[in-house]
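J.: Kindly generate the corresponding structure for this input.
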Amino acid sequence: MAISLRVLGLDEEDVVAGIAVDPDKEAFSGGPIGDVFDQLRASPPRQTAFALLDGGKVVGFIVAREDAALPVWAEKGCMTLNNLRIDARLQGRGYGKAAIRLAAQWIATERPTVTHVMSSVNVANLAAFNLNLACGLKPTGQMLEGRIGRQRIMIAPIERLCGGQAGSTSTSNL
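T.: Below is the predicted model of the structure:
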């Protein structure tokens with residue numbers, strides 16, 4: 001896999017608009033992509049949206065949030081990963097792991113003072129919970145009521161998510 005992340009501007013939702021999402025699971029990734037970008041444009045700055053590419057083809061999307069854009073549950077000094085979506089036609093091929101790993105590597109390089117990454121996972125989204133566990137995030141034990149139900153809060157040191165290679169862009173460990 002020649003997988004990479006591309007930083008997206010807030011006016012580039014068309015780049016990821018073609019990602020096929022299972023309608024029953026779209027709410028778990030923030031709803032329709034237009035709604036996600038509307039929220040990004042209306043929120044405080046310090047959010048970075050990424051397209052996940054495989055050989056130039058868009059296969060996924062993820063957002064990293066920091067500082068004023070952090071959710072209320074996030075610990076100080078961390079960044080959160082949000083709104084992950086992988087094209088439904090391509091799931092099960094390691095793209096979710098690659099998105100999390102590459103986003104963590106970007107954070108380690110571009111935000112070297114960040115020591116941890118957090119995420120929230122809806123309790124009904126077992127696939128996302130298992131993906132987060134497989135990537136190295138662990139439940140904090142904190143649960144909260146989210147936009148569409150109970151959320152489990154997860155956390156990992158940045159080095160764990162980078163595969164011990166902070167700043168590396170290798171996906172060989174996937």
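
J.: And Thr171, what's its pLDDT?
T.: Here the pLDDT value assigned to Thr171 is 40.

J.: what's the answer for Gly92, then?
T.: pLDDT at Gly92 comes out at 85.

J.: what kind of secondary structure is it in?
T.: coil (DSSP: H, G, I helix; E, B strand; the rest coil).

J.: try the one 10 residues further on
T.: Using three-state DSSP, the three-state assignment for Leu102 comes out as helix.

J.: and the nearest residue to it once chain neighbours are set aside, what helix or strand is that in?
T.: Leaving aside its chain neighbours, Leu102 sits nearest to Leu5 (4.7 Å; criterion: C-beta to C-beta, 6 or more residues apart in numbering). No exception for glycine: its C-beta is placed from N, CA and C like everyone else's. Per DSSP states H and E, Leu5 falls inside strand 3-8.

J.: same check, this time on Trp106
T.: Per DSSP H and E: helix 95-110 holds Trp106.

J.: Give me the helices and strands touching that helix, please.
T.: strand 3-8, strand 47-54, strand 57-65, strand 79-86, strand 116-122, helix 126-135, helix 158-161 (3 or more C-beta pairs under 8 Å, 6 or more residues apart in numbering; DSSP states H and E).

J.: got JSON lines for those, with mean neighbour count, mean pLDDT and distance to Gly18 too?
T.: Converted to JSON lines, the helices and strands packed on helix 95-110 look like this (neighbours: other C-beta atoms under 10 Å; pLDDT from 0 to 100; distance: least, C-beta to C-beta, whole Å):
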{"stretch": "strand 3-8", "mean neighbour count": "17", "mean pLDDT": "95", "distance to Gly18": "14"}
{"stretch": "strand 47-54", "mean neighbour count": "22", "mean pLDDT": "96", "distance to Gly18": "11"}
{"stretch": "strand 57-65", "mean neighbour count": "22", "mean pLDDT": "95", "distance to Gly18": "7"}
{"stretch": "strand 79-86", "mean neighbour count": "24", "mean pLDDT": "94", "distance to Gly18": "11"}
{"stretch": "strand 116-122", "mean neighbour count": "23", "mean pLDDT": "94", "distance to Gly18": "24"}
{"stretch": "helix 126-135", "mean neighbour count": "17", "mean pLDDT": "92", "distance to Gly18": "21"}
{"stretch": "helix 158-161", "mean neighbour count": "19", "mean pLDDT": "93", "distance to Gly18": "27"}
